[in-house]
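Student: Sequence below, structure please.
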Amino acid sequence: VDRQLNVTSGFLGAADLTKDGFDLTAKGIYYGMVYAISKFCYTCPVVCGAGEEATFHAQVFQNIKDRVEVFASDAASDETLAGKLATKFFPHLWVQQWDKAHACQRLLSRPWKADPFLSNICESLFEGKHAVASKIHHSGVFRERFRRAVAQMTGKCRCKIRDLSAAKHRFTSHSLPLRRACLYFLPLLRVAQSILDERARGSEEFISCQTFLESLSGEVCFQMALMADASDEVIVLTRFFDTSNFDKAEMASTLEGFLTRASFLFEKKGADQCGCTRHMLEMLRTPRRCVVDGNIKSIECPTSIERDRCYARMVNWLRLVKQCIEADFPSFETIQLFQALSLNRQCSAEKIERLAHCLEVDAGALQVELEHVRPIAAFHYGSADEAHRSTSSAWATALQGKVKQYPSLFVAVSRLLAWQTSTSDVERLFS
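Tutor: I've put the predicted structure just below:
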């Protein structure tokens, strides 16, 4: 970020720890990071011209060392320790931050594992060894059969829905099979029944579909729909954080919005009125039947007692989610101090004072400058398109040509723009 608050960002470099001779420990990660920065500081021989040697630019190397203030990683112990080692290399490293997109995945994985009923649904549908989603995904015949069933239900002959796929190493992607299992429950039921009828008893496909169909009931289907709605809300939260530089000033209000929506859906039972839950209830008004071991099984709309049990499980899930948020998004962490610059909510003088202390500026001066410039920033924020609306860009626009008048606010806004506390770009590089 320059003196005019123009942001320059990009990918500096990477190191393959194994190929470049480093081990997979915290020290290996640390030395690999230093190695990647060193490679960036060499002039490439191709650019120099044939016969010329690469030149190491020591001043560029020193400038990078002096200007790094934030280290971001996921919560793995070796990466966290590498961040602590990095304080010896970067003299002005102020903040070590865990990636928030990774933390969002734990809002699903940890609470769902704590409830056997929710965990069993995950196992039978998409996560277990005999999960029906996995069998459909890895079979061209089953995928085509599922696609045709969906096309017949929707009336779209060129339907692109082919399976219930999910990436097991990314837990938030499990919202896809949950959502599709609810929206296309009848095609899924039809395909599972056809597999059960044609495959040999004892085969993996037979066992998978038999286990799935035996587990189905009105209560299970209703619970699955509630889980789909919960995962959709977590996906919305994850998308906010899964960017190279998310809006740190609106981080607290985004988390509050997530909890408010989840509370409406599950504590106030608002899920009956929207989303996958409403769709499932409407679909189960007509009993759905399948044949398992020669017995006809009917899947009907859940009773009020069953629905209350399902909602109780989701209320417990929400309680655990709140504890996960307290652990992974603590209100006292450094980047949450930027809510002092939020344009959607008023901030207390205490938080402004803490932000000023962190950035080593005068708290009184920052308070006065915020009061002077906030109306201008709020105007730019409100007049921007909703798709491109950003607190940081609104503050940057409000300070254009006024940097010298508001030095303390410039320090705060420049860090709001520059501190990219996310590993999303690196994750996309190797995913």
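Student: didn't V150 look like it was pressed against P187?
Tutor: Yes - between V150 and P187 there is a contact under CB atoms under 8 Å: 4.8 Å. Where C-beta positions appear, they are placed from N, C-alpha and C, glycine not excepted.
Student: which non-adjacent residue is nearest D293?
Tutor: Q210 (7.7 Å; CB to CB, 6 or more residues apart in numbering).
Student: Count the residues that sit near that neighbour.
Tutor: Q210 has 19 neighbours, counted by other CB atoms under 10 Å.
Student: Please apply the same query to G10.
Tutor: Neighbour tally, G10, other CB under 10 Å: 6.
Student: Let's verify it: helix, strand, or coil?
Tutor: State at G10, reduced to three classes by DSSP: H, G, I helix; E, B strand; the rest coil: coil.
Student: measure it to S244 for me?
Tutor: For G10, the distance to S244 equals 10 Å [CB to CB, to the nearest Å].
Student: before we move on, what about S38?
Tutor: For S38 relative to S244 (CB to CB), the value is 23 Å.
Student: follow-up on the earlier one: ok, now how distant is the residue nearest to D293 from M224?
Tutor: 18 Å.
Student: cool, R201 as well?
Tutor: Distance of R201 to M224, given as CB to CB: 26 Å.
Student: more neighbours, these two?
Tutor: M224 (25 against 9).
Student: With adjacent residues omitted, what lies nearest to the more buried one?
Tutor: M224's closest residue in space is I121 (CB to CB, 6+ apart), at 5.6 Å.
Student: element containing that neighbour?
Tutor: helix 116-122 (DSSP states H and E).
Student: Beyond that helix, next helix or strand please.
Tutor: helix 132-137.
Student: So which other helices or strands are in contact with that following helix?
Tutor: Other helices and strands packing on helix 132-137, by 3 or more CB pairs under 8 Å, 6 or more residues apart in numbering; DSSP states H and E, are helix 140-154, helix 185-198, helix 204-215.
Student: can you list those in CSV and add mean pLDDT?
Tutor: Shown next, in CSV, are these (pLDDT from 0 to 100):
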stretch, mean pLDDT
helix 140-154, 87
helix 185-198, 92
helix 204-215, 90
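Student: Which of those sits closest to Q273?
Tutor: helix 185-198 (19.1 Å; CB to CB).
Student: Also compute the angle for that closest one relative to helix 140-154, please.
Tutor: 140 degrees (axes from the mean of the first three to the mean of the last three CA atoms, to 10 degrees).
Student: Figure out how far helix 185-198 is from the centre of its chain.
Tutor: Distance of helix 185-198 from the chain centroid (CA atoms, centre = their mean, to the nearest Å) equals 32 Å.
Student: Identify each buried residue in it, please.
Tutor: Neighbour counts over helix 185-198 (16 or more other CB atoms under 10 Å) mark F185, P187, L188, L189, R190, V191, A192, Q193, I195, L196 as buried.
Student: Excluding sequence neighbours, find me the nearest residue to the second one.
Tutor: Taking CB to CB, 6+ apart, and ignoring the residues beside it in sequence, P187 has A149 as its nearest neighbour in space, at 3.4 Å.
Student: again with the last one
Tutor: What sits nearest to L196 in space, not counting adjacent residues and going by CB to CB, 6+ apart, is C209, at 4.4 Å.
Student: The one you found and R190 touch, don't they?
Tutor: No - counting by CB under 8 Å, C209 does not reach R190; the two are 11.3 Å apart.
Student: TSV please, covering the buried residues of helix 185-198 and showing distance to N63.
Tutor: Below are these laid out as TSV (distance: CB to CB, whole Å):
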residue	distance to N63
F185	58
P187	59
L188	57
L189	62
R190	63
V191	59
A192	61
Q193	66
I195	62
L196	66
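Student: Tell me which stretches of the chain form strands.
Tutor: 70-73, 95-98, 288-292, 295-299 (DSSP state E).
Student: Off-centre distance for the first one?
Tutor: Per CA atoms, centre = their mean, the displacement of strand 70-73 from the mean C-alpha position of its chain is 17 Å.
Student: Show me the contact partners of it.
Tutor: Strand 70-73 has contacts (CB atoms under 8 Å, 6 or more residues apart in numbering) with 79-80, 82-83, 86, 90, 93-99, 419-423.
Student: Which ones among the residues you listed map onto helices?
Tutor: Among the contacts of strand 70-73, DSSP state H puts E79, T80, A82, G83, A86 in helices.
Student: What subset of those is buried?
Tutor: Buried among those (16+ other CB under 10 Å): E79, A82, G83, A86.
Student: Quick check: Q223 vs Q323, distance?
Tutor: Taking CB to CB, one finds Q223 at 21 Å from Q323.
Student: Please compare those two by neighbour count and tell me which comes out ahead.
Tutor: The neighbour count for Q223 versus Q323, taken as other CB under 10 Å, is higher for Q223 (26 against 11).
Student: Now that one. Nearest residue, chain neighbours left out?
Tutor: That would be C310: by CB to CB, 6+ apart, it lies 4.6 Å from Q223.
Student: And for S134?
Tutor: Nearest to S134 is F126, by CB to CB, 6+ apart, at 6.9 Å.
Student: residues near the one you found, how many?
Tutor: F126, neighbours per other CB under 10 Å, totals 24.
Student: shouldn't it be in contact with K135?
Tutor: No - if you go by CB under 8 Å, F126 and K135 don't touch, sitting 10.4 Å apart.
Student: Run through the neighbouring helices and strands of the helix holding I121.
Tutor: So helix 116-122, by 3+ CB pairs under 8 Å, 6+ apart, packs with helix 100-114, helix 218-241, helix 304-328.
Student: what's in contact with the first one?
Tutor: By CB under 8 Å, 6+ apart, the residues outside helix 100-114 that reach it are 74-75, 118-119, 122, 170-172, 174, 227, 230-231, 234, 237-238, 241-242, 246, 251, 316-317, 320-321, 324-325, 328-329, 421-424, 427.
Student: Now, of the residues you listed, which are buried?
Tutor: 74, 118, 122, 171-172, 174, 227, 230-231, 234, 237-238, 241-242, 246, 251, 317, 320-321, 324-325, 328-329, 421-424.
Student: hang on, the earlier thing: so what's the residue nearest to M224 up against?
Tutor: Residues near I121 by CB under 8 Å, 6+ apart: S215, V220, Q223, M224, M227.
Student: Identify, from the residues you listed, the entry nearest to D293.
Tutor: For the contacts of I121, the nearest to D293 is S215 (13.7 Å; CB to CB).
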